[in-house]
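[1] Let's see this in three dimensions:
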Amino acid sequence: HVTYLDSPVRRVLSIVPEMYDEIWTAAKGFYKVEPVVADGGEVILYAPHITEIASSHREIYDIGYHCRDYFVKQWNRFSHIHWGVLAHSTHLRGAGTYNPATADEHLRVRVTLATGIPEDMCRSVNLGYLDPATVDVNAFTADPDTMVVPRAGEILFRLKRSMEED
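    As a prediction, the model looks like this:
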């Protein structure tokens, strides 16, 4: 269940299956494709049926989604948060850096939700928003800069060149 690509893609439209009913589980639609997204690229999680970030891990609403360095470099601030919640947060944001002196977080890839979660909620947890009613899957499929992944979360994507570097 691994697909290797020759080169990175600028954008991924991850079509999240209905078996994932919240972002906590639908995050697979991001972290299984992130390795093939170009720096500065974007992953759109398309799941109009999802209306919840995480029903059983409410702490994610308080801490939001950030790269690993964001938490590690502010450990005193986040050490009381369950490590599983911190891990989930970083899985949905991927690689990035955080400078505690400037409070500047630089994320390698943008994450945009096209779900039933309101825009203000998406932004409050540090995720982008796209109205799911405006998503035209056929247009994304026709776009040469976009990879459309049906049933996102089932296949892990990697770049071929990373195999040769390992």
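
[2] in this structure, what spans have low per-residue confidence?
    Where the chain drops to pLDDT under 70, the residues are 162-166.

[3] What residues sit buried inside the lengthiest helix in it?
    Longest helix of the chain, by residue count under DSSP state H: helix 83-91. Using 16 or more other Cβ atoms under 10 Å as the burial criterion, the residues of helix 83-91 that qualify are 85-86, 88-91. Heads up, the C-betas are built off the backbone N, CA and C, glycines and all.

[4] can you list contacts of the following helix or strand past it?
    The helix or strand immediately downstream of helix 83-91 is strand 96-99, counting by DSSP states H and E. The contact list for strand 96-99 (Cβ atoms under 8 Å, 6 or more residues apart in numbering) reads 66-70, 73-74, 104-108.

[5] So which of the residues you listed sit within helices?
    Per DSSP H, the contacts of strand 96-99 map to helices at 68-70.

[6] Just the closest of the contacts of strand 96-99 to H80, please.
    Q74 (12.0 Å; Cβ to Cβ).

[7] Verify the stated contact: the closest one with A103.
    No: between Q74 and A103 there is no contact under Cβ atoms under 8 Å: 9.2 Å.

[8] Show the buried residues in the contacts of strand 96-99.
    Buried subset of the contacts of strand 96-99 (neighbour count, 16+ other Cβ under 10 Å): 66-70, 73, 105, 107-108.

[9] can you tell me which two in the contacts of strand 96-99 are farthest apart?
    Checking the contacts of strand 96-99 with Cβ to Cβ, the most distant pair is Q74 and R108, at 19.1 Å.

[10] before we move on, back to that, how far does the longest helix of the chain sit from its chain's centre?
    12 Å (Cα atoms, centre = their mean, to the nearest Å).

[11] same for it, what does it pack against?
    helix 59-63, helix 68-72 (3 or more Cβ pairs under 8 Å, 6 or more residues apart in numbering; DSSP states H and E).

[12] For the chain, which segments are assigned as helices?
    Counting by DSSP H, the helices of the chain are 23-26, 28-31, 59-63, 68-72, 75-78, 83-91, 119-124, 137-142, 160-165.

[13] can you redo these as CSV with distance to R11?
    Formatted as CSV, the helices of the chain follow (distance: least, Cβ to Cβ, whole Å):
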stretch, distance to R11
helix 23-26, 18
helix 28-31, 13
helix 59-63, 25
helix 68-72, 23
helix 75-78, 31
helix 83-91, 20
helix 119-124, 17
helix 137-142, 8
helix 160-165, 20
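
[14] Comparing those helices, which comes out most buried?
    helix 28-31 (a mean of 24; mean count of other Cβ atoms under 10 Å).
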